[in-house]
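>>> got a sequence here, can you model it:
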Amino acid sequence: MIAVGVLTNVWLMIIGVFVLFGGAAEEAATILHVRMQGLSVIDAMRAPVATIDDRADVGSARATARAARQPVVPVTHDGRYTGVLDMRDAAVGTPMSPIGALIDHDAPVLHPAEALDHAVEDELWPSGHPALAVVDAEGRVVGVLGTDDLAGVVERAGHRHPLR
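Residues are numbered from 1 along each chain as shown. Modelled structure (predicted):
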């Protein structure tokens, strides 16, 4: 009888820990969402950013990303955006191999005036990439918005507590 009680209490404690973690994650997401309201992508994006031509090799792409400290490198052809190269994908290629097969041509594209909360929640997070390219109306890369850039949004908007 005592053993059943101890095991039940252990399971209740484990369930309680999961509920606590879930509540903390939900609170953090709510705070971020509220602090992003009224902001545009241009308010949080990183600019200027390094880009790479679609005819480059993996070694050049790695060097570009490392020097710019970017998790992704927007890929261009004759100065116009064509896709994004995620450095996690570039880790599998040999330095001299072309980047063509590694480019994600279907990655969502963000626009500077786009609402930040929409861009993050509906495009960045579902994309699976740590960052996405921000492209102007002429197809030129003007920045990158990544999950790392969102910490700055929270810090800058810290004076507006969403729950007060």
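>>> quick one: low-confidence residue ranges for the protein.
For the chain, applying pLDDT under 70 flags the ranges 1-35, 154-164.
>>> what are the boundaries of the strands in the protein?
52-53, 72-77, 80-86, 131-135, 141-146 (DSSP state E).
>>> dump the ones you listed to JSON lines, plus distance to residue 44 and mean neighbour count.
Where C-beta positions appear, they are placed from N, C-alpha and C, glycine not excepted. Putting those into JSON lines (distance: least, Cβ to Cβ, whole Å; neighbours: other Cβ atoms under 10 Å) gives the following:
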{"stretch": "strand 52-53", "distance to residue 44": "23", "mean neighbour count": "18"}
{"stretch": "strand 72-77", "distance to residue 44": "16", "mean neighbour count": "23"}
{"stretch": "strand 80-86", "distance to residue 44": "17", "mean neighbour count": "21"}
{"stretch": "strand 131-135", "distance to residue 44": "10", "mean neighbour count": "25"}
{"stretch": "strand 141-146", "distance to residue 44": "6", "mean neighbour count": "23"}
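>>> I'd like those strands as JSON lines, with distance to residue 99 appended.
Shown next, in JSON lines, are the strands of the chain (distance: least, Cβ to Cβ, whole Å):
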{"stretch": "strand 52-53", "distance to residue 99": "7"}
{"stretch": "strand 72-77", "distance to residue 99": "7"}
{"stretch": "strand 80-86", "distance to residue 99": "6"}
{"stretch": "strand 131-135", "distance to residue 99": "15"}
{"stretch": "strand 141-146", "distance to residue 99": "15"}
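>>> among those strands, which comes closest to residue 118?
strand 141-146 (11.8 Å; Cβ to Cβ).
>>> mind giving me the packing neighbours of the closest one?
helix 41-44, strand 72-77, strand 131-135 (3 or more Cβ pairs under 8 Å, 6 or more residues apart in numbering; DSSP states H and E).
>>> quick one on the thing from earlier: of all the strands of the chain, which lies closest to residue 108?
strand 131-135 (5.8 Å).
>>> that closest one vs strand 72-77, what angle?
For strand 131-135 against strand 72-77, the angle by axes from the mean of the first three to the mean of the last three Cα atoms, to 10 degrees is 40 degrees.
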